[in-house]
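# Next comes the sequence, and after it the predicted model I'd like to discuss.
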Amino acid sequence: MAETTDQVFGLERTMREIGQTARSAARTLATATTPQKNDALRFMAEAIRSGSSKIIAENEGDVRRAKESDLAASFIDRLILTPDRIEAMATGLDDIAALPDPVGQAIAEWTRPNGLAISRIRTPIGVIGVIYESRPNVTADAGALCMKAGNAVILRGGKDSFASSSAIADCLRSGLARAGLPEGAIQLVPTSDRAAVGMMLAGLDGAIDLIVPRGGKSLVARVQLDARVPVFSHLEGLCHVYVDKAADARMARDIVVNAKMRRTGICGAAETVLVDKAGADTQLKPLIGALIEAGCEVRGCPLAMAADPRVLRAGEADWSTEYLDAIVSLKVVDGVGGAISHIGHYGSQHTESIITDDAETAERFLREVDSAIVLHNASTQFADGGEFGMGAEIGIATGRLHARGPVGLEQLTTFKYVVRGTGQIRP
């Protein structure tokens with residue numbers, strides 16, 4: 001019992017020190033110059049490229065242990081780092097360095113009749129806690145974005161990617177040091193003990209200003225339930241593609257297959273395909289065939305089953321399941337109104353797409369679907385901060401306050417009002 005108590009107190013002391021270090025680093029970062037932050041990002045990218053072999057070696061160990069634990073193939077895919085993925089990580093850091101620095105930007109400016117000049121200015125949030133699971137690349141994305149936006153970040157990666165994330169974090173800290181910035185601006189929690197997550201959710205004695213979870217439903221649900229600080233998150237990526245009667249058949253096929261199968265384990269992967277009843281005679285069978293040929297299991301409504309005997313019967317739970325795998329649910333609906341109704345009932349307000357050549361129908365879908373990202377004639381797999389020109393993202397937010405959709409540099413800032421006078425007093 002004494003040993004257990006000592007371990008708890010030791011972890012509490014470690015986490016408290018991490019919080020204090022992050023708060024101190026955040027004060028320095030808040031006034032760091034743009035060239036200094038950009039230098040740090042470029043040095044980080046150099047360190048990741050030069051340390052690629054070490055990162056891959058550590059990642060191979062993580063992947064081996066994940067396979068020995070019989071983890072799902074989709075989980076392992078998110079865990080694996082290849083030379084191309086490491087280069088993409090480094091390129092992402094260079095891209096973030098090239099983006100405008102949001103800190104100090106004037107969002108709005110106006111002058112009152114009494115002569116007071118008022119500006120709304122972007123400022124860093126402070127200290128951000130990022131809790132994530134199997135994707136080690138989140139270490140680089142989150143660390144870089146938070147730092148460029150003037151925030152310190154405390155990273156708590158999953159146990160399955162711990163070695164990979166540690167190697168990447170070492171590269172990030174070396175970049176900070178070369179640029180003359182505090183290494184404590186990017187810290188990785190040095191344990192996979194779940195108690196550390198609870199301490200972060202409690203705020204580390206006021207050190208953490210915001211929590212961002214990146215992971216599965218159970219992780220995000222726990223964060224949303226237990227956090228005592230604000231949270232940016234999405235619970236699930238129940239993304240839909242609606243194929244309208246006026247959709248180009250080739251375009252519909254290509255987009256649906258890409259939206260589902262390009263990478264099945266990401267939150268922007270389509271989980272449900274909706275087909276307009278008025279176009280089902282021509283659209284339904286080719287879409288099902290293309291999905292099955294691409295290696296996807298299709299679970300459908302009775303009309304879908306009648307169109308192709310390989311379609312399995314969809315149960316009620318399928319319409320609200322985030323598969324993150326080569327499985328899709330497919331339903332015939334009564335036009336765009338039926339699609340909007342289905343998405344409103346089953347969706348998670350993440351990302352939805354309409355395929356149609358009818359501009360009026362497209363505009364209705366874009367206007368009435370209440371999701372963070374809505375697309376016309378494009379794959380849901382574009383639900384990504386990098387694809388939005390943000391360099392990278394720290395996650396997707398589906399809430400309605402402060403940030404929605406990809407969380408990039410601007411979303412990682414808050415603001416203050418700067419008021420300049422010439423001696424005015426209030427009567």
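Now that the structure is in, tell me what you want to look at.
# C-alpha only now, for contacts and for neighbours.
OK.
# remind me which residues of the chain are low pLDDT?
1-8 (pLDDT under 70).
# Could you list the domains of it?
The chain breaks down into these domains under automatic domain parsing: 9-232+407-419, 239-382.
# how long is the shortest one end to end?
End-to-end distance of domain 239-382 (CA to CA, to the nearest Å): 12 Å.
# Does L274 touch V332 like I think?
Yes: L274 is within contact range of V332, at 5.7 Å (criterion: CA atoms under 8 Å).
# Could you pull out the strands in the stretch 101-250 of the chain for me?
For the stretch 101-250 of the chain, applying DSSP state E, counting those that start in this stretch gives strands covering 106-111, 117-124, 127-132, 152-156, 186-188, 210-214, 239-243.
# so what strands line up beside the second one?
Sheet neighbours of strand 117-124, with direction, are listed as strand 106-111 (antiparallel), strand 413-420 (antiparallel) (DSSP bridges).
# Which of the residues in stretch 200-215 are classified as buried?
Residues 200-204, 207-215 are the ones in stretch 200-215 that count as buried (16 or more other CA atoms under 10 Å).
# Centre of the chain to it, how far?
Computed by CA atoms, centre = their mean, to the nearest Å, the separation of stretch 200-215 from the middle of its chain amounts to 16 Å.
# what about the nearest residue to A179 once chain neighbours are set aside, which helix or strand?
Excluding the flanking residues, the one nearest A179 by CA to CA, 6 or more residues apart in numbering is A40, at 5.0 Å. Element membership for A40, per DSSP states H and E: helix 34-50.
# What lies in contact with that helix?
Residues outside helix 34-50 that contact it (CA atoms under 8 Å, 6 or more residues apart in numbering) are 86-87, 89-91, 93-94, 96-98, 101, 144, 147-148, 168, 171-181.
# C-alpha coordinates for that helix, PDB please?
Taking Å, rounded to 0.1, in the frame of the first residue of the first chain, the C-alpha atoms of helix 34-50 are listed here in PDB:
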ATOM      1  CA  THR A  34       7.400  35.400 -35.400                       C
ATOM      2  CA  PRO A  35      10.900  34.800 -36.800                       C
ATOM      3  CA  GLN A  36      11.900  33.100 -33.600                       C
ATOM      4  CA  LYS A  37       8.900  30.800 -33.700                       C
ATOM      5  CA  ASN A  38       9.400  30.100 -37.400                       C
ATOM      6  CA  ASP A  39      13.000  29.200 -36.800                       C
ATOM      7  CA  ALA A  40      12.000  26.800 -34.100                       C
ATOM      8  CA  LEU A  41       9.600  25.100 -36.500                       C
ATOM      9  CA  ARG A  42      12.200  24.700 -39.200                       C
ATOM     10  CA  PHE A  43      14.700  23.400 -36.700                       C
ATOM     11  CA  MET A  44      12.100  20.900 -35.600                       C
ATOM     12  CA  ALA A  45      11.500  19.800 -39.200                       C
ATOM     13  CA  GLU A  46      15.300  19.300 -39.600                       C
ATOM     14  CA  ALA A  47      15.500  17.300 -36.500                       C
ATOM     15  CA  ILE A  48      12.700  15.000 -37.500                       C
ATOM     16  CA  ARG A  49      14.300  14.400 -40.900                       C
ATOM     17  CA  SER A  50      17.700  13.700 -39.500                       C
END
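# what's the helix or strand just after that helix packed up against?
Going down the chain from helix 34-50, the next helix or strand is helix 52-68, by DSSP H and E. If you count contacts as 3 or more CA pairs under 8 Å, 6 or more residues apart in numbering; DSSP states H and E, helix 52-68 packs onto helix 73-79, helix 83-98, helix 162-178.
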